[in-house]
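Trainee: here is a sequence with its predicted model. Questions after.
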Amino acid sequence: MIQKRIHFKGDVQGVGFRYTACRIAGFFAITGYVKNVPDGSVECVVEGRAEEIDAFVERLQETMSGYIRQTTREQHPATGRWHSFGVAR
């Protein structure tokens, strides 16, 4: 189990990005959150198996490709803090 902190930059706020991420997350065995960041980006923190996280991110990037200009990723050990995936404030 790992954690990935992903930042999506571009025109990613105000386009349903967070709710799309939640919908897509339902297809994968992952936990964590997605939230808007004051700098205009979206942060997504995801925990699970690397394959599940990568598949989730790939599908999210494909679905929202018209809005994403840059994606950055950091990997960390999983914390087990979340029991589901949702929108954080």
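Mentor: Perfect, I can see it now. Numbers count the residues shown, from 1 in each chain.
Trainee: what sits against the residue nearest the centre of the chain?
Mentor: For the chain, the residue nearest the mean C-alpha position is residue 44 (3.4 Å; Cα atoms, centre = their mean). Shown in contact with residue 44 (Cβ atoms under 8 Å, 6 or more residues apart in numbering): 5-8, 21, 32-34, 57, 60. The C-beta positions use only the backbone N, C-alpha and C, and glycine is treated the same way.
Trainee: could you check how far it is from residue 57?
Mentor: Going from residue 44 to residue 57 by Cβ to Cβ, to the nearest Å gives 8 Å.
Trainee: please apply the same query to residue 73.
Mentor: 8 Å.
Trainee: overlap in contacts of the two?
Mentor: Contacts common to residue 73 and residue 57, judged by Cβ under 8 Å, 6+ apart, are 4, 6.
Trainee: that older thread, tell me if I am right that the residue nearest to the centre of the chain is in a helix.
Mentor: No. According to DSSP: H, G, I helix; E, B strand; the rest coil, residue 44 belongs to no helix; its state is strand.
Trainee: I'm done for today, thanks for sticking with me.
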